[in-house]
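Chemist: turn this into a model:
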Amino acid sequence: MQSQPTEPAPTAADYYSVNRGGGLFSEGISQRIGARIAVRAHKHRLTPTVLTIFNLGLGCLTSFVVIAAAGPVAEDRIWAAPIGLIALIGWQLAYAFDCSDGQLARVTGQSSAAGGRLDVLCDVAVQSALVAALAATAKAQEPDTPAWLLAAFAATWMVNLVTSVMQGGEQASSMVTSRSLPIRLVKLVRDYGAVVALAGVVLTVAPQWTVWFVALFTLINGGFLAASIAFTGRAALRS
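Modeler: Now for the predicted structure:
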């Protein structure tokens, strides 16, 4: 009796083909790393939920290291570069796991409503910890940083996460649909992979600039929120 031939395991290209984008940086780097993680996960029979938990653990652990080191780095008791590199690599790898869980779920047919909810909740936890790490560093480097700025930074940071979740439904829309290179370069300011990479670089080479990073992305995310309200409000009035 002949055994039935087994189907070949999905390749990195198979996983990458079902990626959900995220921006020029995320598509070019984070999603590709995620596809390779998905290959290894499938080989070792790991479920998408396991990858989601890896994202949660690694992302939060990285942020906790940055928070614990914020004071000593500001006081020159420890070097900034190693802490910054931990942040740069840790946050990027956590995001790659976040990319990989969805790829693995879609390709292997393991998608579920509960898994999707867990993914979003873990993203909230990881990004909350990241915001806390950047705020702690900004405050340690510049003790006069106003509390309102840190609060506004934390509040507006979640705009990207909220709009990303909203893009998954039937009511999804985009203010700028063009995928031309100039437009995609401009949109890097909202590409999570690119933004956390920049945050890691700042923490590595010039942590004293963290307060300017905080101020810049408060303006960017706050401006995007205002534009989104205007865009959606106009569409609602026309409907």
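
Chemist: what residue is smack in the middle of the chain?
Modeler: With distances taken as C-alpha atoms, centre = their mean, the residue of the chain nearest its centroid is Tyr192 (4.3 Å).

Chemist: residues contacting that one?
Modeler: Tyr192 makes contact with 22-23, 26, 95, 160 under the criterion C-beta atoms under 8 Å, 6 or more residues apart in numbering. Heads up, the C-betas are built off the backbone N, CA and C, glycines and all.

Chemist: now, those that are in helices?
Modeler: Applying DSSP state H to these, the entries found in helices are 95, 160.

Chemist: farthest-apart pair in the contacts of Tyr192, please.
Modeler: Looking at the contacts of Tyr192 by C-beta to C-beta, the two members farthest from one another are Tyr95 and Asn160, with 12.5 Å of separation.

Chemist: if you rank every helix and strand of this structure by mean pLDDT, what lands last?
Modeler: In the chain, no helix or strand scores lower on mean pLDDT, DSSP states H and E than helix 181-186, which sits at a mean of 79.

Chemist: wait, isn't Leu185 in contact with Leu24?
Modeler: Yes: counting by C-beta atoms under 8 Å, a contact exists between Leu185 and Leu24, whose distance comes to 6.8 Å.

Chemist: these two: which has the busier surroundings?
Modeler: More neighbours sit around Leu24 than around the other of Leu185 and Leu24, counting by other C-beta atoms under 10 Å; the figures are 19 against 13.

Chemist: helix/strand/coil for Pro10?
Modeler: For Pro10, the reduced secondary structure class is coil; criterion used: DSSP: H, G, I helix; E, B strand; the rest coil.

Chemist: does it touch Ala105 like I think?
Modeler: No: when contacts are counted by C-beta under 8 Å, Pro10 is not listed as touching Ala105 (12.0 Å).

Chemist: who has more neighbours, these two?
Modeler: A direct count of neighbours by other C-beta under 10 Å for Pro10 and Ala105 places Ala105 higher, at 22 against 18.

Chemist: hmm, who's touching stretch 17-31?
Modeler: In contact with stretch 17-31 (C-beta under 8 Å, 6+ apart) are residues 16, 34-35, 92, 95-96, 99, 102-103, 106-107, 164, 184-185, 187-188, 190-194, 197.

Chemist: among the residues you listed, which ones are buried?
Modeler: In the contacts of stretch 17-31, burial by neighbour count holds for 16, 34-35, 92, 95-96, 99, 102-103, 106-107, 164, 184, 187-188, 190-194, 197, counting by 16 or more other C-beta atoms under 10 Å.
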